[in-house]
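Visitor: fold the following.
(3 chains)
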Amino acid sequence: METIETLIKLESGLIRLKGCRMKKWSVLILLVCMCVMPVSAQHEFNKADIAAVMKRVADWQIANPQKGAEHDDLDWTHAVLYMGMIDWAELTERTDGDPSYYKWLMKIGRRNHFQMGKWMYHADFIAVGQTFIELYKKYNDTNIIAPVMARANWVVDHPTNATLELNYGKLETLSRWSWCDALFMAPPVYAKLYAMTLDKKYLDFLNKEYRASYDYLFDKEEKLFYRDCRYFNQKEANGKKVFWGRGNGWVLGGLAEILQALPKDETSRAFYEDLFVELATRVAGLQCPDGYWHASLLDPDSYPSPETSSTGLITYALAYGVNEGFLDKDQFMPVIKKAWKALTDAVEADGKLGYVQPIGADPRKVTREMTEVYGVGGFLLAGCQLYKMAE
Amino acid sequence: METIETLIKLESGLIRLKGCRMKKWSVLILLVCMCVMPVSAQHEFNKADIAAVMKRVADWQIANPQKGAEHDDLDWTHAVLYMGMIDWAELTERTDGDPSYYKWLMKIGRRNHFQMGKWMYHADFIAVGQTFIELYKKYNDTNIIAPVMARANWVVDHPTNATLELNYGKLETLSRWSWCDALFMAPPVYAKLYAMTLDKKYLDFLNKEYRASYDYLFDKEEKLFYRDCRYFNQKEANGKKVFWGRGNGWVLGGLAEILQALPKDETSRAFYEDLFVELATRVAGLQCPDGYWHASLLDPDSYPSPETSSTGLITYALAYGVNEGFLDKDQFMPVIKKAWKALTDAVEADGKLGYVQPIGADPRKVTREMTEVYGVGGFLLAGCQLYKMAE
Amino acid sequence: METIETLIKLESGLIRLKGCRMKKWSVLILLVCMCVMPVSAQHEFNKADIAAVMKRVADWQIANPQKGAEHDDLDWTHAVLYMGMIDWAELTERTDGDPSYYKWLMKIGRRNHFQMGKWMYHADFIAVGQTFIELYKKYNDTNIIAPVMARANWVVDHPTNATLELNYGKLETLSRWSWCDALFMAPPVYAKLYAMTLDKKYLDFLNKEYRASYDYLFDKEEKLFYRDCRYFNQKEANGKKVFWGRGNGWVLGGLAEILQALPKDETSRAFYEDLFVELATRVAGLQCPDGYWHASLLDPDSYPSPETSSTGLITYALAYGVNEGFLDKDQFMPVIKKAWKALTDAVEADGKLGYVQPIGADPRKVTREMTEVYGVGGFLLAGCQLYKMAE
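Guide: The predicted structure follows:
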């Protein structure tokens, strides 16, 4: 999760912007600039090119680990990276017999004893468990899965009734899925554990908690998720409600993970499938002409920078939806292809993925130089689904 | 399991032989004949040739389903076939993108609602569950795994204290692993369920019951398993103890399945690994000059026929052991290659696998015309391990 | 359960009748014919005569087992027969010292290892368990009860949330009690298991699931159960709602079983008792002049054939209600006696019970030649209750 301070920064950024919008012409110039950017060949839609750009991005990230202690190996930021990396590891081992990405994941897992983060109930601190469950299935060593299962068992056996009214001054309000990012971080853990063990406690917890969060944060008129309760009554510069691009990307990506994990015959899938289609359809319609989704879904002009983390997550979800037959191919493929072009245009020759909005930084100033591990995670998640559908 | 009547036949076969041995020269002629059989190209030890002969064998079996109601879809005979077939399905889907063998397994599972056989505690009637657990992991539909888990839960939650002194006149003596074939049929189910759910009840049951069977049936001098208690005091024509080739093949193959299933860090693996190495080493030393293992391990001359079901199971286990590093490659590869040549020599041009000893039929009279589904199962299990080690 | 195809036939039968009703006079002739049928002495209302006709019917059925694989030993059709037969076995052993009917039931149980049918959640495939529970209580061998308990444990521990909106194109809609026949097949199993073990999980499951089905299928105006959701908006030729005679017989008979099973002090009995009295009173008032209940309860003229399976089930329930004091003797005895006369009139001299509507056959064309094992089951259930009340 975005940390307290940075979220406050983000929030102020949003508020400040309302009073001080960018000049219209500057936005236009930016958009025009983006449109005339030379289109490299790297977004060609075939398996070989998709794999090639993924490899560059993955390798650059591994060669350039994120420094600084704030967001360490077990934080949500890396959890997202690992989720992309494990799909990529599966792909490369299967197609090239290349075990190196699995090895990289295991190295990180081992040096952390496959632990969860520090906070028992906080969604961000169990996110890394999604990848560890997959690594357990492959490597069959209970040390890999014990920490995530112990954490989930505790949470499920001792559920909290904390309010969903998020307040960074009251830390217990982070104990439930009271902000929409959480719907990416935690729910797939419980879906995966249910499918493995068939222990209904995981399923019941997932369904009850997800529903509570949905009832609280989903705007049925706009068919979008609020980031958290603090935005219920805010308005963008253009008067629209405030819906965060990456936040809705978190929800969509999380739904794709849940649907992959839940048994095919599980009746509660219907709720997730319906929500997935509804949200995917809505979000797809909000793609900007540049192929990206921007920081504010209903007021993209206020935050005109390309933003690859939201775009990666959304592209992942849409491509998964088409691959699984949840979304209509004819309708969604143009959106997906445009998004993939945008994403690959943000990749430098050396594999560095740019235009990733930092945690809580000013959304007006996302630049090509900016990168973050979770952006790479979303990119790889998207790429692996695209690889499936490409020729 | 070999049924009551057929086992009595087998037993009488063994006993009859004591009084009426084959003439030494007739055995020699048979062995010589086999040695001069034309060596076809199908035993060449490379991935392509191994896959090619497996495909022929698998396709022939599918095109020629076993008829007769006694050993139906859910019986142990087919369970062994499915175990070979699922390894082959995984191999062909991964390497050729061919989903047909998975589809065949799912078709059979669906038409039986993935049920277990009729007898709650009998090892043979849960054997089919091994494959269904694997199909669940792939297809993620709880209908696939519910019956085997329901069965295993009942057995584990209501363990029987029946004697291990097998007596076909007292059916309750079949409620535990009182004959060595059972160690192939049932234990891997509990190992797999433990690895999936991490519920210790499956592991504790497995360890306790396997140990009881081992203590009862394993001859520590000869380092071989008796088929069941009725053979403790019998002697072969040459005065040696009676150890059945396929029976020890069941134990070895079952150990390979258990070791693949149990988590790598599970401390009780040590017992299974040690037993596997001890038994594999002993059995490898009993290979006949023709590359096969014969019906009687310590008196092969009494039953000189080639026998592909025991040979397939043993080859599977030895190759798995080498692939995993449990067995020394230099020491075991000559045995394995010789066995694979023998196995592939028993395959007709159309893919029919011959020389499979029928259930309880006279072991002197195994002919090239005889085939059975479990023989094909052992062949495919072996082939998939050989494919891994071949170039 | 009635199979998909036959139900479709039944449904079309109902629909076809709407457009093409029988001529009134033909119905009248049929009714008159039935009224002048010679009244045999076999319906005299004393213990000896009741036992005599039951013996004839039971023995004929045993001597004439149903052939064909579709409805095998473990199917619901036989489950109903066994329920009648076990009451009859108890009666004959107690009064005549005749163990032969128990032996017959045990022979069938043993040859099936007392297993349940193939479908984990489908009510029809646990119905046979009702009799096996009774056999366990008598013979006290856990092999008899293990399969039904294993099945029930799975269902109770892994309840499904499938919809009650029955759709034969979506098999998961048969996973709950979404058609009224199911209320005879499955609920008594859970009531009996609760009474034996006092494990509340069985009781809670029974109460929750029964209530859901009642809320969904019971028409509070007409005080009758719909067969399933497909009939909610259909109308008979006479404009009345569509309520199936045998279907409401299933519910009444099932309630009689539940009330016999549930502990006397169990507070949730009140719901079942009230429903039993309400439904019994309503159904008793719909008896036709010929003593039978016909296929359509509110439009009997459309289906004027005598029908002994619904009549047997309903007679069983009414007689049980009088015996237990739930129903007023003076009010219900005339109905019961008339029904018993009708039932016994349908018995041939050799004991064959006629006028049993086949599964899903055209309800207009039930003839004296038609018989089915479940008709015999209902007959014996009724007879054993009548024996209690007769002199």
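Visitor: neighbours of A:E93, how many?
Guide: Residue neighbour count, defined by other CB atoms under 10 Å in any protein chain shown, stands at 16 for A:E93. In this view, the C-beta of every residue, glycine as well, is placed from N, C-alpha and C.
Visitor: contacting residues for A:K138?
Guide: Neighbouring residues of A:K138 by CB atoms under 8 Å, 6 or more residues apart in numbering or on different chains: A:Y102.
Visitor: for it, grab phi and psi.
Guide: phi -80, psi -40 (degrees, to the nearest 10).
Visitor: could you check whether the host helix or strand of A:M54 is close to chain B?
Guide: Using DSSP states H and E, A:M54 maps to helix A:47-63. No: Helix A:47-63 stays clear of chain B (CB under 8 Å from any CB of the partner chain), getting no nearer than 12.8 Å.
Visitor: give me the mean pLDDT for that helix.
Guide: Mean pLDDT, computed over helix A:47-63, is 97.
Visitor: need the next SSE after that helix, C-terminal direction.
Guide: helix A:76-96.
Visitor: show me what that following helix is packed up against.
Guide: Other elements packing on helix A:76-96 under the criterion 3 or more CB pairs under 8 Å, 6 or more residues apart in numbering or on different chains; DSSP states H and E are helix A:47-63, helix A:100-111, helix A:129-139, helix A:182-185, helix A:373-389.
Visitor: show me how far it is from its chain's centre.
Guide: Relative to its chain's centre, helix A:76-96 lies at 14 Å (CA atoms, centre = their mean, to the nearest Å).
Visitor: can I get it in PDB? Just the C-alpha atoms.
Guide: Provided in PDB are the C-alpha atoms of helix A:76-96 (Å, rounded to 0.1, in the frame of the first residue of the first chain):
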ATOM      1  CA  TRP A  76       3.700  -5.000  -1.700                       C
ATOM      2  CA  THR A  77       5.700  -3.300  -4.300                       C
ATOM      3  CA  HIS A  78       7.900  -6.300  -4.800                       C
ATOM      4  CA  ALA A  79       5.000  -8.600  -4.400                       C
ATOM      5  CA  VAL A  80       3.600  -7.200  -7.600                       C
ATOM      6  CA  LEU A  81       6.900  -7.700  -9.300                       C
ATOM      7  CA  TYR A  82       7.100 -11.300  -8.200                       C
ATOM      8  CA  MET A  83       3.600 -11.900  -9.600                       C
ATOM      9  CA  GLY A  84       4.700 -10.800 -13.000                       C
ATOM     10  CA  MET A  85       8.000 -12.600 -12.700                       C
ATOM     11  CA  ILE A  86       6.500 -15.900 -11.800                       C
ATOM     12  CA  ASP A  87       4.300 -15.900 -14.900                       C
ATOM     13  CA  TRP A  88       7.400 -15.000 -16.900                       C
ATOM     14  CA  ALA A  89       9.400 -17.700 -15.100                       C
ATOM     15  CA  GLU A  90       6.700 -20.300 -16.100                       C
ATOM     16  CA  LEU A  91       6.700 -19.100 -19.700                       C
ATOM     17  CA  THR A  92      10.500 -19.100 -20.100                       C
ATOM     18  CA  GLU A  93      11.000 -22.500 -18.400                       C
ATOM     19  CA  ARG A  94       8.300 -24.000 -20.500                       C
ATOM     20  CA  THR A  95       9.300 -22.500 -23.900                       C
ATOM     21  CA  ASP A  96      13.100 -22.200 -23.500                       C
END
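Visitor: list the buried ones in that helix?
Guide: For helix A:76-96, the neighbour count (16 or more other CB atoms under 10 Å in any protein chain shown) marks A:76-89, A:91-93 as buried.
Visitor: for the helix holding A:M54, which helices and strands make contact with it?
Guide: Short answer (3+ CB pairs under 8 Å, 6+ apart): helix A:47-63 packs on helix A:76-96, helix A:373-389.
Visitor: can you lay out the ones you listed as a markdown table showing distance to B:G285 and mean pLDDT?
Guide: As requested, those are exported to a markdown table (distance: least, CB to CB, whole Å; pLDDT from 0 to 100):
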| stretch | distance to B:G285 | mean pLDDT |
| --- | --- | --- |
| helix A:76-96 | 37 | 97 |
| helix A:373-389 | 49 | 97 |
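Visitor: could you save the ones you listed as a markdown table and add columns showing distance to C:P159?
Guide: Formatted as a markdown table, the helices and strands packed on helix A:47-63 follow (distance: least, CB to CB, whole Å):
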| stretch | distance to C:P159 |
| --- | --- |
| helix A:76-96 | 32 |
| helix A:373-389 | 34 |
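Visitor: so where is chain A shaky, pLDDT-wise?
Guide: Counting by pLDDT under 70, chain A has low-confidence residues at A:1-44, A:68-69, A:361-363.
Visitor: and if we set it to 80?
Guide: A:1-44, A:67-71, A:360-365 (pLDDT under 80).
Visitor: do you know how far the residue in it that chain C sits nearest to is from C:E209?
Guide: Chain A approaches chain C most closely through A:T267 (4.5 Å), counting by CB to the nearest CB. To C:E209, A:T267 is 14 Å away according to CB to CB, to the nearest Å.
Visitor: who has more neighbours, these two?
Guide: C:E209 (23 against 16).
Visitor: and that one, how close does it get to C:G254?
Guide: Distance from C:E209 to C:G254, by CB to CB: 12 Å.
Visitor: so which residues of the stretch 101-250 of chain A form strands?
Guide: A:218-219, A:224-225 (DSSP state E, counting those that start in this stretch).
Visitor: that older thread, overlap of the contact sets of C:E209 and C:G254?
Guide: Contacts common to C:E209 and C:G254, judged by CB under 8 Å, 6+ apart, are C:P187.
Visitor: you'd agree the residue of chain A closest to chain C is in a strand?
Guide: No: going by DSSP: H, G, I helix; E, B strand; the rest coil, the assignment for A:T267 is coil, not a strand.
Visitor: for the closest residue in space to it that isn't next to it in sequence, phi and psi?
Guide: Distance criterion CB to CB, 6 or more residues apart in numbering or on different chains; nearest residue to A:T267, sequence neighbours excluded, is C:N161 at 4.5 Å. Phi and psi for C:N161, reported as degrees, to the nearest 10, are phi -110, psi 30.
Visitor: report how many residues lie close to A:H113.
Guide: 10.
Visitor: how close does it get to C:L135?
Guide: Taken as CB to CB, the span from A:H113 to C:L135 is 54 Å.
Visitor: show me where the stretch 101-250 of chain A has its helices.
Guide: Along the stretch 101-250 of chain A, counting by DSSP state H, counting those that start in this stretch, helices occupy A:129-139, A:142-157, A:182-185, A:187-197, A:200-217, A:245-261.
Visitor: and of those helices, who's closest to B:V347?
Guide: Smallest distance to B:V347 across the helices of the stretch 101-250 of chain A (CB to CB): 33.6 Å, for helix A:129-139.
Visitor: show me which residues of the stretch 1-150 of chain A sit near chain B.
Guide: A:94, A:137, A:139-143, A:145-146, A:149.
Visitor: closest to C:G354 among those?
Guide: Closest to C:G354, out of all of the residues of the stretch 1-150 of chain A next to chain B and judged by CB to CB, is A:K137, at 60.3 Å.
Visitor: what residues are up against that closest one?
Guide: A:K137 is in contact with A:196, B:137, counting by CB under 8 Å, 6+ apart.
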